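Participant: show me the folded form of this:
(one chain, ligands or ions: 1)
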Amino acid sequence: MEKEQIKCLIIGSGPAGYTAAIYTSRANLAPVLYEGIEPGGQLTTTTEVDNFPGYPEGVDGNQLMADLRKQAERFGTEIRRGTITKADLSARPFRLTVDGEKEIEAQSIIIATGASARYLGLPSETKFRGQGVSACATCDGFFYRKKDVAVVGGGDTACEEATYLASLCRQVYMIVRKPFLRASQAMQQRVMNTPNIEVLFEYNTVEVLGDDSGVTGVTIRHNDGSERTLDIAGFFLAIGHHPNTELFRDQLELDAEGYIRTEAGTSRTSVEGVFAAGDVQDPHYRQAITAAGSGCVAALDCERFLRR
Ligand code: NDP
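Facilitator: Here you go, the predicted structure:
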């Protein structure tokens, strides 16, 4: 059976994917965008976005993504539900499978599959996910007003989330596995200057405790072997993200953390005709606006490649 031929395939529907879609559709490249598992990407799990230029009063994350989608559709992007489950980048046209069934072929691909929050991997953590366990303080902090919570991690994200939660909650514990914070000096200062944050150095999480109502506590173990239990209602993970690149492992050059390597100053990957944009290739900045900017770069690179 003849497979569908796509000129420009965009994988992912965060700010990078939609921006690439806006640019490629305006350039008449007839892009087809597959939304993936989380339509709209990570921003749909946040509330207010205050730092996306053009919104002086801030904008709801879901609204921002709905607007970007509408803008991409306005110029003719075909947006489809579905997840790419298999990719063969060994020859052009590239061959891909959607949802394990449908096969398509693409002359060019813009990968904008983003990154996902890391979890510790404890069964009790999985059990209470969404019932007190969260990887997004800005999304869920609201539910823990005037309560006690814990944040795991010692990087910038953990510090940022802890200070944010401290403005809502009664007490915030930071559970840090090393004897120091990895975060920038400025963020460390903010944490140390916030009276209702207590940093617990050299502790690891043993178990998240809870009942039918959700999380009620957490057992942590010091590196000297002693254990203690914290009574908390919210358990927040801030231990980094992992890029969604499983599909491309062994096919594209990735860095040690699994992020797609791109040629400096471009979106070009190690395979000609395949471009990467957004968090999937950016372990450092991870902002909506930088993702959108890199989506634009990928679209322009892709356009040049297709016109050649
Ligand atoms: P990081 O990788 O910087 O930090 C992750 C933290 O989680 C570290 O303290 C790490 O500990 C800890 N950790 C990792 N795995 C585990 C585990 N299994 N158990 C317990 N602790 C664990 O991730 P971030 O998300 O904080 O930051 C990512 C990037 O984004 C950084 O470059 C950061 O600077 C940047 N960023 C910048 C911000 C800003 O400037 N405003 C805000 C947020 C992020 P250990 O130190 O022991 O490895």
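
Participant: where do the strands of the stretch 151-300 of the chain begin and end?
Facilitator: Using DSSP state E, counting those that start in this stretch, the strands of the stretch 151-300 of the chain run over residues 171-176, 197-201, 203-211, 214-222, 227-231, 234-237, 241-243, 274-276.

Participant: what lies in contact with the third one?
Facilitator: Okay, so that is strand 203-211. Residues outside strand 203-211 that contact it (Cβ atoms under 8 Å, 6 or more residues apart in numbering): 120, 122, 124-125, 127-128, 131-133, 152, 175-177, 215-223, 227, 229, 235. Every residue, glycine included, has its C-beta placed from N, CA and C.

Participant: returning to what we had before: point out the most buried one among the strands of the stretch 151-300 of the chain.
Facilitator: Per-stretch averages of neighbours, counted by mean count of other Cβ atoms under 10 Å, single out strand 274-276 among those, with a mean of 30.

Participant: check which helices and strands it sits against.
Facilitator: Contacts defined by 3 or more Cβ pairs under 8 Å, 6 or more residues apart in numbering; DSSP states H and E place strand 274-276 against strand 102-111, helix 288-307.

Participant: of all those, which lies closest to Ala16?
Facilitator: helix 288-307 (3.8 Å; Cβ to Cβ).

Participant: and the lowest-mean-pLDDT helix or strand in the chain, what does it pack onto?
Facilitator: Scoring the helices and strands of the chain by mean pLDDT, DSSP states H and E places strand 48-49 at the bottom, with a mean of 76. The helices and strands touching strand 48-49, judged by 3+ Cβ pairs under 8 Å, 6+ apart, are strand 59-60, helix 61-74.

Participant: comparing the ones you listed, which gets the lowest mean pLDDT score?
Facilitator: With a mean of 90, strand 59-60 has the lowest mean pLDDT of those.

Participant: make CSV from the strands of the stretch 151-300 of the chain and add distance to Phe75 to it.
Facilitator: Listed next are the strands of the stretch 151-300 of the chain as CSV, based on distance: least, Cβ to Cβ, whole Å:
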stretch, distance to Phe75
strand 171-176, 45
strand 197-201, 46
strand 203-211, 46
strand 214-222, 44
strand 227-231, 51
strand 234-237, 38
strand 241-243, 28
strand 274-276, 19
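
Participant: would CSV of these with mean pLDDT and distance to the ligand be doable?
Facilitator: Below are these laid out as CSV (pLDDT from 0 to 100; distance: least, Cβ to the nearest ligand atom, whole Å):
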stretch, mean pLDDT, distance to the ligand
strand 171-176, 98, 6
strand 197-201, 98, 11
strand 203-211, 98, 6
strand 214-222, 98, 10
strand 227-231, 98, 15
strand 234-237, 97, 9
strand 241-243, 93, 6
strand 274-276, 98, 18
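
Participant: select, out of these, the one closest to Leu29.
Facilitator: Across the strands of the stretch 151-300 of the chain, Leu29 has its closest neighbour in strand 274-276 (12.0 Å, Cβ to Cβ).
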